[in-house]
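Peer 1: just coords:
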């Protein structure tokens, strides 16, 4: 009896060590290796997406499949690279201009903000003793000054970051060239590459790998595509509203930032627009506050109408679990982890639901 108990404990420790080693290998691979092989990961993803169009073009035109792959990859990469360069340059120019003007904008805006805050708290301070009112005013002034200095410091840090980004341009262009070449070769020999990878997987694990692949394609990719469409629609709406209705500078950059925040679970465009409207109201610019609030209402209504039709199905995670996964991924792997960890948990849940593995009860 004692021997059996010792054997069970030893087997448990071996399993724990095995799982810990797998997790450590996966962590190191995601954190370091994926950055080194990213051009090939992107190339494989593009090749995967283009497989059906390549087959369709080859069958309709009776063109050689490899030639059809070359043609479609050339057109696709030309469009993507052109959009990337044009949009990237425009965003870089606007962001550089904004960051250079930000200290001046902050210094000119903060007196109005401070005055608005003092007026908003005037009713409260009138009920306090002179000493308490003075302490409250000093505290608010100190908080406003600290926020002002933080924003100016952030502007300088981001300018340095942009300058460092320019020095990385040759490395980026090399990676872009490698990505394009890898995409060409992977698209032409996609079936051979996939068959080679499949042969490396032991037969006892092939069913599990197939389930993961089918889950990834049928669920996660569809949801990601749906939310990419929603993010694009939100970005276009915000760009138009901020340019023609709200009439603010740097509307495209603001629209891009708000659209990125809007696509994150739990958060939404209200995370940016509502505080912005409140600050505008405190500063006394009621017309700007009303315009921002109505823009938020329009975007929210359209989002609630189109999301069920475009997404069609939920990813299957509780919002609290999604939030935990995003935060954990951000702390461990950075921004990339915010997306990788939830996707990994979704895959594990789908495989667990299929009964092929059992991780939790």
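Peer 2: It's in. Keep in mind that this is a model prediction, so the values were computed, not measured.

Peer 1: neighbours around residue 179, how many?
Peer 2: Residue 179 sits with 20 neighbouring residues when counted by other Cβ atoms under 10 Å. Every residue, glycine included, has its C-beta placed from N, CA and C.

Peer 1: how about the helix or strand that contains it, which residues are buried there?
Peer 2: Assessed by DSSP states H and E, residue 179 sits inside helix 169-188. Neighbour-count burial for helix 169-188, counted by 16 or more other Cβ atoms under 10 Å, picks out 176, 179-180, 182-184, 186-188.

Peer 1: what's the following helix or strand after that helix?
Peer 2: helix 190-199.

Peer 1: in that following helix, what's buried?
Peer 2: For helix 190-199, by 16+ other Cβ under 10 Å, it's 190, 194.

Peer 1: circling back to that earlier point, helices or strands next to the helix holding residue 179 in the packing?
Peer 2: Contact analysis of helix 169-188 by 3 or more Cβ pairs under 8 Å, 6 or more residues apart in numbering; DSSP states H and E lists helix 38-61, helix 65-120 as its packing neighbours.

Peer 1: from the chain's centroid, how far away is the first one?
Peer 2: In this view, helix 38-61 has its centroid 24 Å away from the chain centroid, taken as Cα atoms, centre = their mean, to the nearest Å.

Peer 1: ok, the nearest residue to residue 251 once chain neighbours are set aside - contacts?
Peer 2: Residue nearest to residue 251 in three dimensions, not counting chain neighbours: residue 242, with 3.7 Å by Cβ to Cβ, 6 or more residues apart in numbering. Residue 242 is in contact with 248, 251, 254-255, 295, counting by Cβ atoms under 8 Å, 6 or more residues apart in numbering.

Peer 1: adding mean pLDDT and distance to residue 263, write the helices and strands packed on helix 169-188 out as CSV.
Peer 2: Shown next, in CSV, are those (pLDDT from 0 to 100; distance: least, Cβ to Cβ, whole Å):
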stretch, mean pLDDT, distance to residue 263
helix 38-61, 86, 19
helix 65-120, 76, 17
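
Peer 1: for residue 289, which of those is the nearest?
Peer 2: Using Cβ to Cβ as the measure, helix 65-120 is the one of the helices and strands packed on helix 169-188 that comes nearest residue 289, at 11.2 Å.

Peer 1: farthest pair within the buried residues of helix 169-188?
Peer 2: 176 and 188 (19.4 Å).

Peer 1: residue 248 in helix, strand or coil?
Peer 2: coil (DSSP: H, G, I helix; E, B strand; the rest coil).

Peer 1: grab the nearest non-local neighbour of it.
Peer 2: Counting by Cβ to Cβ, 6+ apart, residue 248 lies nearest to residue 242, which is 5.5 Å off, once chain neighbours are set aside.

Peer 1: for the one you found, give me the pLDDT.
Peer 2: According to the prediction, residue 242 has pLDDT 87.

Peer 1: distance of it from residue 291?
Peer 2: 9 Å (Cβ to Cβ, to the nearest Å).

Peer 1: same deal with residue 183?
Peer 2: On the measure of Cβ to Cβ, residue 183 and residue 291 end up 44 Å apart.

Peer 1: ok, residue 174 next?
Peer 2: Applying Cβ to Cβ, the value for residue 174 to residue 291 is 45 Å.

Peer 1: with residue 175 instead?
Peer 2: For residue 175, the distance to residue 291 equals 42 Å [Cβ to Cβ].

Peer 1: so, low pLDDT: which residues of the stretch 251-361 of the chain?
Peer 2: 265-267, 308-319, 335-336, 351, 354-361 (pLDDT under 70).
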